[in-house]
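K.L.:
Attaching a predicted model along with its sequence, questions to come.
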Amino acid sequence: MKGNLAVQYASTALAWGASFLFIKVGLEGLSFTQVVLWRLVFGAVTLGAVLGLTRTRLPRDAATWAHLSVLALAQCLVPWLLFSWAEQSISSGLASIYNATTPLMTMSVALAFLPGEKLTDAKLFGLLLGFTGVVVVLAPWQAGIVGSVPAQLACLGATASYGVALVYLRRFILPRGVGTPTIAFMQVSIAAAAMVLATPWVASTPMHLTPAIVASMIGLGAFGTGLAFVWNTNVVRGWGPTAASTVTYLTPVVGVVLGAVALDEHISWNQPVGALAVIAGIVVTQRSSRKAAAMVTAPTP
């Protein structure tokens, strides 16, 4: 069992880290909205198959569907559109580094909106350390980065949306007793339905498909959006949320390495240094509160 969980843990890190590479490859022949459309469609089909195999029933009350619709917006549509848009002008490795700020964003939102969260000295230090890392990655002292600043800010907007989504999930959805695979399927399916309906207006440009693009969209949807969520849930149940949340530390490493190897992306010194500061900030904030650690696992990028 432990060995199986270790495989699922490593597979989750690989799938989520590779998601940024898949997005970059997809953008070679698809618009950023089409990338999001296909990842949602393939993700919904994969999660639907999981629910079918486990014979899981969906909730019927309108309130739960309404809450999950909000989650679909905040955890799927907004951040995935922002990341896909951003990767039109920044590297996949840099986008994966910014995704690592999700736990810090989640902690910030939790401190503001969850009554049980208290700002301790350790949490404050961790947040300051993490966001210092963000500034180092952004590198405002360098010349010639003006064009990529909006894209990098879009990545931070995406992780802020993740933070809002995770706090909303904890406050309004988990108390209703909805299972994690059901939550995953419903939020992805609702988001997929919204994108399909909006396709004539936002994703109708011609597609230029190649085997690499098709494979990337299947990988992004089936693995990065579908199975990785199931794997991570199994690890949370087997190892506990604190251990499972450490996958956050590995995804930017995977993303940067894959971007450099597969796409020959350049890595500046400030990017890994800033990423280390972000990860250090996450470690400090997680260790300061087991309760906080239970909610800061990074979602699907």
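P.N.:
Right, received. Where do you want to start?
K.L.:
you'd agree T56 is up against T180?
P.N.:
No. In this structure, T56 is not within contact of T180 by C-beta atoms under 8 Å, at 10.4 Å. All C-beta atoms are positioned from the backbone trio N, CA, C, and that covers glycine.
K.L.:
Could you list the low-confidence segments of the stretch 51-200 of the chain?
P.N.:
Residues of the stretch 51-200 of the chain meeting the criterion pLDDT under 70: 140-147.
K.L.:
the strands in it, which residues?
P.N.:
Counting by DSSP state E, counting those that start in this stretch, one finds no strands in the stretch 51-200 of the chain.
K.L.:
Tell me who's in contact with L220.
P.N.:
Applying C-beta atoms under 8 Å, 6 or more residues apart in numbering, we find L220 in contact with 19, 22-23, 26, 35, 38-39, 42.
K.L.:
how near is it to W80?
P.N.:
Distance, L220 to W80, using C-beta to C-beta, to the nearest Å: 10 Å.
K.L.:
shared neighbours, the two?
P.N.:
Joint contacts of L220 and W80 (C-beta under 8 Å, 6+ apart) are R39.
K.L.:
What helix or strand is S204 located in?
P.N.:
For S204, there is no host helix or strand (DSSP states H and E).
K.L.:
For I213, see how far away it is.
P.N.:
From S204 to I213 the distance is 17 Å (C-beta to C-beta).
K.L.:
which of the two has more neighbours?
P.N.:
Applying other C-beta atoms under 10 Å to S204 and I213 shows that I213 carries more neighbours, namely 21 against 12.
K.L.:
what's the helix or strand for that one?
P.N.:
helix 211-218.
K.L.:
name the helices or strands packed onto that helix?
P.N.:
The contact analysis (3 or more C-beta pairs under 8 Å, 6 or more residues apart in numbering; DSSP states H and E) places helix 211-218 against helix 2-26, helix 32-54.
K.L.:
Could you check the angle the shortest one makes with helix 2-26?
P.N.:
Taking axes from the mean of the first three to the mean of the last three C-alpha atoms, to 10 degrees, one finds that helix 32-54 is oriented at 150 degrees with respect to helix 2-26.
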